[in-house]
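Trainee: predicted coordinates and the sequence they were generated for:
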Amino acid sequence: MKRTTENIRRRNLPHLYFNDGIYFITARLANTIPLEKLKQLHIQSSNINSLNFAKFKNHFLQYDAFLDKSLEGRSILKKTDCSAVIKQCLHYPDGKEYKLICFTIMPNHFHFVIELLKNNKGISKIMQSIKGISALRINKLLNKTGKFWQDESYDRLIRDDIEFYFVVRYILLNPVKAGLIDDWRKWEHTYCHPQHILI
C-alpha cells in the first residue's frame with residue numbers, strides 16, 4: 001500500500017501521520033505536566049517524529065517521568081469504573097480501525113500501541129473519538145464537567161523492531177517503574193495481545 005503523509009501542527013506538538021504503520025500514543029489528563037516543563041521538552045524536540053531512536057527514547061523518558069511524578073495530584077484513571085471506560089474505548093476500534101497491540105492505563109495517562117488497518121479514518125479522528133467519548137462518560141461517572149484530556153496526544157510512528165520492542169516493553173513495565181506494583185502482570189489496567197508479550 002502506498003504510504004501518504006499528512007503533516008499537522010496543533011498548538012505545540014508537530015504530528016506526522018501516515019495512512020498505515022504502527023503508532024505509539026500517549027494521552028494524558030489536562031494539566032498534568034507543568035507548563036514550564038512542557039516548554040522545556042518542546043525546545044528539546046521541535047519534531048518528535050524526526051528524532052532518531054536514541055533521541056526519541058531520551059525525550060520520551062523525560063516526558064513520561066514528568067507524568068509519573070505528578071501521579072499524586074491526578075489519579076482519576078486508577079478508579080476501576082474510569083479505567084473500564086478507557087478500556088472499552090481502546091478495544092472498540094480494534095479490528096475496525098486498527099489492530100490493538102498493547103496498552104496500560106496509568107492514574108493520570110495511558111499509553112497504547114496500534115497497527116492501522118486499511119481504510120482507517122486516521123490517527124487524528126481515532127483519537128478524537130477515544131478521548132471525546134471517554135471524557136463524556138468519565139465526567140458523567142464523576143458528576144463533573146469541563147476539560148478532561150490534554151488537547152494534544154504524544155504520538156510517534158514506530159520505525160523498526162528495536163523501537164517496537166522498547167515501546168511495548170516500556171508500556172508493560174510502566175506501572176512497575178512508577179512504583180505502583182511489583183509485577184506488570186498484576187496491574188489490572190494493562191493489556192497486551194498474546195503474540196506481542198515480549199517480557
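Mentor: Yep, that arrived.
Trainee: tally of neighbours for residue 131?
Mentor: 18 (other CB atoms under 10 Å). Every residue, glycine included, has its C-beta placed from N, CA and C.
Trainee: pretty sure it sits against residue 152.
Mentor: No - between residue 131 and residue 152 there is no contact under CB atoms under 8 Å: 10.3 Å.
Trainee: now the strands for this structure?
Mentor: Using DSSP state E, the strands found in the chain span residues 5-10, 13-18, 22-28, 98-105, 109-116, 154-157, 190-192.
Trainee: winner for burial among those?
Mentor: Comparing the strands of the chain on average neighbours per residue, with mean count of other CB atoms under 10 Å, the densest one is strand 109-116 at a mean of 23.
Trainee: so which elements touch that strand?
Mentor: strand 22-28, helix 80-91, strand 98-105, helix 161-177 (3 or more CB pairs under 8 Å, 6 or more residues apart in numbering; DSSP states H and E).
Trainee: to residue 57, which of these lies closest?
Mentor: helix 161-177 (6.4 Å; CB to CB).
Trainee: now the closest one: mean pLDDT?
Mentor: Averaged over helix 161-177, pLDDT sits at 93.
Trainee: how about the contacts made by residue 175?
Mentor: 104, 106, 181, 184, 187, 189-190 (CB atoms under 8 Å, 6 or more residues apart in numbering).
Trainee: so what's residue 93 scoring on pLDDT?
Mentor: pLDDT for residue 93: 97.
Trainee: by mean pLDDT, show me the worst of the strands of the chain.
Mentor: Ranked on mean pLDDT, the bottom entry among the strands of the chain is strand 5-10, at a mean of 48.
Trainee: how near is residue 181 to residue 189?
Mentor: Applying CB to CB, to the nearest Å, the value for residue 181 to residue 189 is 10 Å.
Trainee: looking at these two, which is more packed in?
Mentor: Under the criterion of other CB under 10 Å, the comparison of residue 181 against residue 189 puts residue 189 first, with 21 against 14.
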